[in-house]
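[1] need coordinates for the below:
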Amino acid sequence: MTEAPGNVRLIGGEMLLWSDADAATDWRGAGLELVRRLVPPGGRVLVAGPHPKGLVGAVSGGASSVAVLVRSYPDACALGERHPALDVHCGRLRALTGVQPYDLVLALDGLERTHSAEEPAPPWRASFDALAALVAPGGRLVLAVPNDLGVDRFVDARPPDREGADGHWEPHGFDPSHPGGPQALDAALEAAGLVAERCYAAYPSRSAPRALFGRELLREDLPEALTVPLTAPGGDTMLVADPLRLTRLAFRHGLGEHLAPLWLTVAARPHEPAAPEAVTTDDADEPAVVAEDAYGAGVAIEDAYQSGVAIADACEPGGVAEDVCEPGGVAEDVCEPGGVAEDVCESDVTVGDPRDILPEGLVEVGRAVHEVTATSTRRLPGGSARPIPRGRIVEEVLVEACAREDVRAVRDLLAGLAAWVAEGGDAAADNLVWDGERFTAITPVPAPGSPVPAHVVLCRILSRFAVRLLAAGHHHPWPWPLDAGQLALTLCGMAGQPCDRDDLDWARKLEAELGQVPGPAELAGAAPTYRDLLSARDRLTDQLTASLARIERLETKLSYRERELVRTGAKLRKSQRKAAALRRTLGYRLSRRLSRPRRAARKVLRLLSR
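    Next up is the predicted model:
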């Protein structure tokens, strides 16, 4: 075992030959943006559990004092060497004692990796109570809670009681204290003395969240342009069904919060009411009021309330005497209308409102993070609000028309798409919204380096759609032997823009030039879903049935030809026997002998004629 850096403290329950660095939840743009807004300048922050390097770096750069708790000894040593200013605690969560509470506690990886494998797995509620006890009055807790009934559980083919990785040595999903829904999570926060400021539903998966939707935002009728792209990636996981349809139906039926793969809650601990205590001194005629601050130290609040001194610092978020302005507090009369501190307490309500800090939603698109409301998105930082287009995804409309074999509807929609592309539009069918009258791109497509004809752009759009249509196993009204290229050319002809193989090759090169990331359906290395396997089985069954029928027809024809061949052979052998018998007759032999002088005379005449 290597020697630990000086800022690493072993607290008990550390795992000496284990690392969680590769198993941490992959929080990127959306998670980093939320953490940046919550880090208190000059405050104390605790990061509990394994977290990505970028998140730990963002926290250490924004707070004055940062502590990290990990159970892995190699991870603790790596963090201590990388960030010498950090206080790294190595061990289990319940062994972290003797420290002052923190202004912000981050547990974005949940509580599953905060205990050691050398002890029985504690209930979720026990770990949560230990973590909540580390939040100071006026501080915040940011906790991620995986949902055992999330969309990713429905599409994952693995048994839900085992994650299948090396780090999950205990069964998952049998803990009765684990929250079974947002209401149960709110009840656990309330029992721990915390008030939920905002609860987010994280999508598309618990291992790599890229979008956060607040509870208030999920109550709205969100457009499909915002919800349909939230599909869980397949990766090397065998899936039961395509997550696209399941995720869309979850939002459409108002179950986006209940079926979220992960819940991320931001909760605050209110300031405890100051307990006044009269202390009699020899030097003062008036009693002094003594209250406890956030960490239990006694401070004297002298006659500020009676003399009318402003207590703005006490009423700010995280101040010591915030609750003195509450009904029943020491300074209740001062906060009455007309009181000295009326303006101070009213300004605190405005500044401390969590809605000013916490966004309704965050969505990561590529490398950019967008703040989301029910009607608009705004790119961070400093972007302007952009309305979210209303309507249906063009790809879904085409897939439904193909499933109904409504060729006329497909032709009409493709004709409108061709007209839109001719006017300068460019977006893939899965990145395009149609409201019945006009097309609108969800995410703008970068312009190519050189001008491209409109029919090639249309060919690129329809080629991508053809690949996704066939790879997902959807039904379509064209013959099954068509490959993606042939189907794309057929769709271009239906749109009124005939293309050839050269245009198709040009379109594929343009797709690679623009760097369009293919969807899960057309990834060559992605594992297919069970639905895809069933579709492939049905296609193979149809092909096998047709092949067997053809083989049967060929076998029937072959049997007929064999019988004909046998009859012809019998006739030939019969003719050969007749010829042999004829050659043995006396007349045949005499005719052969009499014909010899005549043949000899012919040879002589031919020689003389030369």
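[2] wait, is residue 468 part of a strand?
    No. Per DSSP: H, G, I helix; E, B strand; the rest coil, residue 468 lies outside any strand segment and is helix.
[3] start at 52 instead
    Sure, I'll start counting at 52 from here, so that last one is residue 519.
[4] now do the longest strand along the chain: which elements does it pack against?
    Longest strand in the chain, counting residues (DSSP state E): strand 186-197. Packing partners of strand 186-197 (3 or more CB pairs under 8 Å, 6 or more residues apart in numbering; DSSP states H and E): helix 80-89, strand 153-158, helix 175-183, strand 313-319. In short, each C-beta sits where N, CA and C put it, glycine included.
[5] what angle sits between it and helix 80-89?
    Here strand 186-197 runs at an angle of 170 degrees relative to helix 80-89 (axes from the mean of the first three to the mean of the last three CA atoms, to 10 degrees).
[6] tell me the contacts of the residue lying closest to residue 272 once chain neighbours are set aside?
    Of all residues not flanking residue 272 in the chain, residue 425 sits nearest, at 7.8 Å (CB to CB, 6 or more residues apart in numbering). Contact analysis of residue 425 by CB atoms under 8 Å, 6 or more residues apart in numbering lists 268, 271-273, 411.
[7] if I look at residue 425, how far off is residue 255?
    Counting by CB to CB, to the nearest Å, the gap from residue 425 to residue 255 is 20 Å.
[8] equivalent analysis for residue 227, please.
    Per CB to CB, residue 227 is found 28 Å from residue 255.
[9] so these two - more neighbours on which side?
    Neighbour count, other CB atoms under 10 Å: between residue 227 and residue 255, residue 255 has more, with 22 against 8.
[10] didn't the more buried one look like it was pressed against residue 311?
    No. The pair residue 255 / residue 311 is not scored as a contact, 9.8 Å apart, by CB atoms under 8 Å.
[11] list residues touching both of the two?
    Joint contacts of residue 255 and residue 311 (CB under 8 Å, 6+ apart) are residue 202.
[12] any idea whether the residue nearest to residue 272 is helix, strand or coil?
    Assignment for residue 425 (three-state DSSP): coil.
[13] gap between it and residue 607?
    Distance, residue 425 to residue 607, using CB to CB: 67 Å.
[14] now residue 645
    From residue 645 across to residue 607, the span is 54 Å (CB to CB).
[15] cool, and residue 241?
    79 Å.
[16] so who does residue 135 touch?
    Residue 135 makes contact with 56, 58, according to CB under 8 Å, 6+ apart.
[17] what packs against the strand or helix carrying residue 110?
    Using DSSP states H and E, residue 110 sits in helix 104-113. Packing contacts for helix 104-113, counted by 3+ CB pairs under 8 Å, 6+ apart, involve helix 80-89, strand 95-99, strand 116-121.
[18] would you format the ones you listed as JSON lines with mean neighbour count and distance to residue 511 included?
    Formatted as JSON lines, these follow (neighbours: other CB atoms under 10 Å; distance: least, CB to CB, whole Å):
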{"stretch": "helix 80-89", "mean neighbour count": "21", "distance to residue 511": "28"}
{"stretch": "strand 95-99", "mean neighbour count": "26", "distance to residue 511": "45"}
{"stretch": "strand 116-121", "mean neighbour count": "24", "distance to residue 511": "47"}
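[19] which ones among the contacts of residue 425 lie within helices?
    In this view, the contacts of residue 425 that belong to helices under DSSP state H are residue 268.
[20] top of the contacts of residue 425 by neighbour count?
    residue 268 (21 neighbours).
[21] OK, contacts around that residue?
    Residue 268 touches 411-412, 423-425, counting by CB under 8 Å, 6+ apart.
[22] quick one: secondary structure of residue 628?
    Applying three-state DSSP to residue 628 yields a three-state assignment of helix.
[23] residue ranges with poor pLDDT in the stretch 152-301 of the chain?
    Applying pLDDT under 70 to the stretch 152-301 of the chain picks out residues 207-224, 279-280, 282-296.
[24] buried ones in stretch 495-515, by neighbour count?
    Within stretch 495-515, the residues that qualify as buried are 496, 503, 505-515, counting by 16 or more other CB atoms under 10 Å.
[25] turn the helices and strands packed on strand 186-197 into a markdown table, including distance to residue 601.
    Listed next are the helices and strands packed on strand 186-197 as a markdown table, based on distance: least, CB to CB, whole Å:
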| stretch | distance to residue 601 |
| --- | --- |
| helix 80-89 | 55 |
| strand 153-158 | 63 |
| helix 175-183 | 61 |
| strand 313-319 | 52 |
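[26] out of the ones you listed, which gets nearest to residue 558?
    Closest of the helices and strands packed on strand 186-197 to residue 558 is helix 80-89, at 30.8 Å (criterion: CB to CB).
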